[in-house]
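> From the sequence below, what's the structure:
(2 chains)
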Amino acid sequence: MPLRGSRSAGPSGRLLLVVALAACAARASEITFELPDNAKQCFYEEIAQGTKCTLEFQVITGGHYDVDCRLEDPDGTVLYKEMKKQYDSFTFTASRNGTYKFCFSNEFSTFTHKTVYFDFQVGEDPPLFPSENRVTALTQMESACVSIHEALKSVIDYQTHFRLREAQGRSRAEDLNTRVAYWSIGEAIILLVVSIGQVFLLKSFFSDKRTTTTRVGS
Amino acid sequence: MAGGREVRAVLVALVLLAWSAHGLYFHIGETEKRCFIEEIPDETMVIGNYRTQLWDKQSESFLPSTPGLGMHVEVKDPDGKVVLSRQYGSEGRFTFTSHTPGEHQICLHSNSTRMALFAGGKLRVHLDIQVGEHTNNYPEIAAKDKLTELQLRARQLLDQVEQIQKEQNYQRVRRRRRKAPGRYREERFRMTSESTNQRVLWWSIAQTIILILTGIWQMRHLKSFFEAKKLV
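Prediction:
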């Protein structure tokens, strides 16, 4: 029975299916965007059932470096919801076909706009060669290459996160620098104004007293 | 039975392929401009693919493709100079290579004003941006250079390592090609921190001096004032 079925499907049909599966299982979208204050931005993706997906996000600049994130499946069920998070990673397996939606919200912030990075990985990476050429198992060299490739992918991933943390640190340092500059100028001015003001106020007390004493005298 | 199964397999394959064409999408308003930031080292290639769909009020769904609808793509380099500023159709592909390391800004906005009349102002944009070694199309490279599988895998590993190395270089700054200091990340970070440190130091010294000087001035001024008033 199974033999008959495979013969009837035809080699071309199977080939197309395999190529299509390889193509559709392949996607990682890495996007950095700016989220204005009191704004919410949503992204959608159509995912096939059973695909393993990962959503990672990190806030790079702005305010307290936090954002609300929400991930919903096609029925509207909330799969992931976190408020005021700086960085998180969420893995899920698509339970059904359809459009999955994830939103980032900065609605709690009144005037700071944020820069948010997210990486949405759908399925596994496509194989380098179409699978129908594969007749034998991978040789040792090839499997070594595959494991090096996987290791380098994780190196690139860590490097990205390091770069984002550095950008975040730099953003905080620049904020601090500006604040220190404004505060020092402001405090110097206040100091001068207060001390000069004190002197003139004191003088004014004695001036009044002098007019009263002269009147009393005469 | 045999033909039916084959047709079904082909149909499923085509549907899956259509889904995979452009994955992530978002909605954009009529005059809205959406900007994306890519922080990349120099000599890195970036390829962006987008596809737009217009909302059709009658069928209450997005039309598969609308001719005459265009998107304006503008890319700015870290210095603010415009690298790419072009109008594309409803479906387009833009490419640029960075010559300066840093934050490049890719901005998209719709050029069409007909949207508000026909569509109620909703446009769906599918976007896919690939950077660096992800832009390489390995099956194409294999066919062009006639590489065996092992050679192709070695080429892929070499590309990955090159990208890691470029990123590391940008991060640390071992080379300074131009006069402008602080273009590279950690150097900028260090300069900002050092500047803050110096500012705090100078400010505290200056404030102490101002404090002492105003104190002295106050006392002398008041003393001369009281002497004039014959109270001292």
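
> domain ranges for chain A?
A:24-124, A:136-203 (the TED database).

> so how far is the last one off the chain centroid?
Okay, so that is domain A:136-203. In terms of Cα atoms, centre = their mean, to the nearest Å, the centre of domain A:136-203 is found 15 Å from the chain centre.

> now the longest one
Offset of domain A:24-124 from its chain centre (Cα atoms, centre = their mean): 8 Å.

> Next, the residue lying closest to A:I156 once chain neighbours are set aside: secondary structure please.
Leaving aside its sequence neighbours, A:I156 sits nearest to B:I164 (Cβ to Cβ, 6 or more residues apart in numbering or on different chains; 6.2 Å). The way it works is simple: take the backbone N, C-alpha and C, and place the C-beta from them, glycine included. Judged by DSSP: H, G, I helix; E, B strand; the rest coil, the three-state class of B:I164 is helix.

> quick one: B:I164 from A:L152, how far?
7 Å (Cβ to Cβ, to the nearest Å).

> Next: B:K166.
Computed as Cβ to Cβ, the B:K166 to A:L152 distance reads 14 Å.

> do the same with A:M141
Applying Cβ to Cβ to A:M141 and A:L152 gives a distance of 16 Å.

> quick one: which of the two has more around it?
Neighbour count, other Cβ atoms under 10 Å in any protein chain shown: between A:M141 and A:L152, A:L152 has more, with 18 against 12.

> Excluding chain neighbours, what is closest to that one?
That would be B:Q160: by Cβ to Cβ, 6+ apart, it lies 4.4 Å from A:L152.

> list the contacts for the one you found?
Shown in contact with B:Q160 (Cβ atoms under 8 Å, 6 or more residues apart in numbering or on different chains): A:149, A:152-153, A:156, B:133.

> change it to 10 Å
A:148-149, A:151-153, A:155-156, B:132-134, B:136 (Cβ atoms under 10 Å, 6 or more residues apart in numbering or on different chains).

> Quickly check those residues for the two that are furthest apart.
Spatial extent of the contacts of B:Q160 (Cβ to Cβ) is set by the pair A:A151 and B:N136 at 18.8 Å.

> Give me the more crowded residue out of those two.
In this view A:A151 and B:N136 are compared by other Cβ under 10 Å, and B:N136 has more residues nearby, 15 against 12.

> who's in contact with the more buried one?
Contacts for B:N136 (Cβ under 10 Å, 6+ apart) come out as B:45, B:47, B:130, B:155-156, B:159-160.

> what about B:I209, neighbour count?
Using other Cβ under 10 Å, B:I209 has 10 other residues around it.

> anything in the host helix or strand of A:C69 near chain B?
Taking DSSP states H and E as the criterion, A:C69 maps to strand A:67-72. No. Contact between strand A:67-72 and chain B is absent, the nearest approach being 13.3 Å (criterion: Cβ under 10 Å from any Cβ of the partner chain).

> quick one: strands adjacent to that strand?
Sheet pairing of strand A:67-72 (DSSP bridges) gives strand A:78-85 (antiparallel), strand A:98-105 (antiparallel).

> angle of the helix or strand following the first one against strand A:67-72?
Okay, so that is strand A:78-85. As assigned by DSSP H and E, the chain's next helix or strand after strand A:78-85 is strand A:87-93. Inter-element angle recorded for strand A:87-93 and strand A:67-72: 0 degrees (by axes from the mean of the first three to the mean of the last three Cα atoms, to 10 degrees).

> Now strand A:87-93: buried residues?
By neighbour count with 16 or more other Cβ atoms under 10 Å in any protein chain shown, strand A:87-93 contains the buried residues A:87, A:92.

> For it, give the mean pLDDT please.
For strand A:87-93, the mean per-residue pLDDT is 91.

> Same check on stretch B:106-118?
For stretch B:106-118, mean pLDDT is 70.

> try stretch A:56-76
Mean per-residue pLDDT for stretch A:56-76: 90.

> Need the CA coordinates for that stretch. CSV is fine.
What follows is stretch A:56-76, C-alpha atoms only, in CSV (Å, rounded to 0.1, in the frame of the first residue of the first chain):
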residue,chain,number,x,y,z
GLU,A,56,13.4,37.9,20.7
PHE,A,57,13.3,41.6,21.4
GLN,A,58,15.4,44.2,23.0
VAL,A,59,15.0,47.9,23.7
ILE,A,60,18.0,49.9,22.6
THR,A,61,17.3,53.5,23.4
GLY,A,62,14.8,55.6,25.2
GLY,A,63,13.5,56.3,28.7
HIS,A,64,13.7,53.3,31.0
TYR,A,65,14.6,51.0,28.1
ASP,A,66,11.4,49.0,28.4
VAL,A,67,8.4,48.2,26.2
ASP,A,68,5.2,46.1,26.3
CYS,A,69,5.1,43.1,24.1
ARG,A,70,2.1,40.9,23.1
LEU,A,71,1.9,37.9,20.8
GLU,A,72,-1.4,36.5,19.6
ASP,A,73,-2.3,33.5,17.5
PRO,A,74,-4.9,33.6,14.7
ASP,A,75,-7.8,33.0,17.1
GLY,A,76,-6.8,36.0,19.2
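
> Buried residues, that stretch. List them.
A:56-63, A:65-73.

> Under the pLDDT cut-off, which ranges of chain A? List them.
A:1-26, A:129-135, A:208-218 (pLDDT under 70).

> hmm, try it at 50
Residue ranges of chain A with pLDDT under 50: A:1-9, A:13, A:15-24, A:132, A:215-218.

> any idea of the angle the longest helix along chain A forms with strand A:87-93?
In terms of residue count, the longest helix belonging to chain A (DSSP state H) is helix A:140-217. Angle, helix A:140-217 to strand A:87-93, by the same axes, to 10 degrees: 140 degrees.

> Need the nearest residue in space to B:V82, chain neighbours excluded.
Using Cβ to Cβ, 6+ apart, the closest residue to B:V82 is B:K76 (5.6 Å).

> doesn't B:S98 make contact with the one you found?
No. Assessed by Cβ atoms under 10 Å, B:K76 is found out of contact with B:S98, at 11.2 Å.

> intersection of neighbour lists for these two?
Common neighbours of B:K76 and B:S98 (Cβ under 10 Å, 6+ apart) are B:83, B:104.

> of these two, who's got more company?
B:S98 (22 against 17).
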